[in-house]
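Trainee: Structure, please.
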Amino acid sequence: MEDKKKTNLILVPTDFTDVADCAISHAASIAKTGNDTITLVHIVTSDTKAKLKKEGRTMAELEAQIQQQCDAIYKQHGVKADYELPEGNIFTTIGETAKKRGARLMVMGTHGVVGLNQKVLGAWAIKVTTSSPVPVVIVQRKKNAAHGYKKIILPMDDSKEVKQGIFYAILMAKQYDAEVKLFAKYESDEFIANQVKKNLTFAKSFLTKNGVKHSEEIAAKGNYVKDLLKYSAKENADLIIIMTEKEADVVIEFIIGPENEKIINNESEIPVMCVNPDLTYFRGGSILEGSILFQ
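Mentor: The predicted model follows:
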């Protein structure tokens, strides 16, 4: 069966925990402003079946439980919701479900870094993110602000991939009439510093062209991630957008490095949107140039 085209659908993995409920709340906020629907997904594994058997429950009762969540979403937020209960592996099947349903976004909860015994939506969320065909907003336990994502932080470095983050910053900013705050990395090397400056100029140009409010800040010499998180907390940021990294010598696999892990698990519990770069951008099929936002 052919994959569906992108729809106004937000996918939310759930394991029925408070963290998953928080992700649902964030997704509902996004859905209300973007005229989206929500699909909850719970992956049925051998562990799931064993747990149900131990608790004396059936698959029908599991379906009823997730349907109750869908009903609650509509009752509380006025957003239509349905669900998927596919069998498979959380690390691949969630991404496959997003692709099958034509989701435009995923919102996922994380318990943060809690050692070796992470729950389904714990630090493993990072691994799920790198297999997702759509951007993933990772949230912790902090409830979404009533005003939505009005302050968006976009880190700026010397990479080519960072230009794609601008695309999603504009989309989110237009949805919430938000301000994008560019936080540029300090570089002592003149060549790298010039690349950062070029990316910053590029970002400001397209943000201006699309009528998005923006400002810029240059990091001081030192620990960039620490300064970024300090700046984000000071500005009461509602969202940080980061790009994942292409794994060395691998064409289609992405990783989240230790610095980005620190950003995702930030102490202020600011939601973080993770974007896997579209590699066609580097083969002449620019998603930026092909978008009405960049014409």
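Trainee: so how far is M59 from D47?
Mentor: Separation of D47 from M59 (C-beta to C-beta, to the nearest Å): 14 Å. (Glycine included, C-beta is placed from N, CA and C.)
Trainee: G95 against V136, yeah?
Mentor: No. Judged on C-beta atoms under 8 Å, G95 makes no contact with V136 at a distance of 9.4 Å.
Trainee: Same drill for these two, tell me which one is more crowded.
Mentor: V136 (27 against 22; other C-beta atoms under 10 Å).
Trainee: that older thread, quick check: neighbours shared by G95 and V136?
Mentor: Common contacts of G95 and V136 (C-beta atoms under 8 Å, 6 or more residues apart in numbering): V128.
Trainee: how about low-confidence regions in the stretch 101-250 of the chain?
Mentor: Along the stretch 101-250 of the chain, segments meeting pLDDT under 70 span 112-123, 246-250.
Trainee: For it, just list every one of the strands.
Mentor: Ranges of strands within the stretch 101-250 of the chain are 105-109, 136-139, 151-156, 179-184, 213-218, 239-243, 245-246, based on DSSP state E, counting those that start in this stretch.
Trainee: now, of the ones you listed, which is deepest in the fold?
Mentor: Greatest average neighbour count among these goes to strand 105-109 (a mean of 27), per mean count of other C-beta atoms under 10 Å.
Trainee: Using PDB, list the CA coordinates for that strand.
Mentor: What follows is strand 105-109, C-alpha atoms only, in PDB (Å, rounded to 0.1, in the frame of the first residue of the first chain):
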ATOM      1  CA  LEU A 105       4.200  16.000  13.500                       C
ATOM      2  CA  MET A 106       4.800  13.800  16.400                       C
ATOM      3  CA  VAL A 107       4.600  14.800  20.100                       C
ATOM      4  CA  MET A 108       6.300  12.500  22.600                       C
ATOM      5  CA  GLY A 109       6.900  12.500  26.300                       C
END
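Trainee: Quick one: list the elements packing against that strand.
Mentor: Helices and strands touching strand 105-109, as assessed by 3 or more C-beta pairs under 8 Å, 6 or more residues apart in numbering; DSSP states H and E, comprise strand 9-13, helix 18-34, helix 125-129, strand 136-139.
Trainee: partner strands of the shortest one, parallel or antiparallel?
Mentor: Spelled out, that is strand 136-139. The strands that strand 136-139 pairs with in its sheet are strand 105-109 (parallel), strand 272-275 (antiparallel) (by DSSP bridges).
Trainee: In TSV: those, plus distance to A220.
Mentor: Shown next, in TSV, are the strands paired with strand 136-139 (distance: least, C-beta to C-beta, whole Å):
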stretch	distance to A220
strand 105-109	32
strand 272-275	22
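Trainee: All the helices of the stretch 151-295 of the chain, in order from the start?
Mentor: Ranges of helices within the stretch 151-295 of the chain are 162-176, 190-209, 224-234, 258-264, based on DSSP state H, counting those that start in this stretch.
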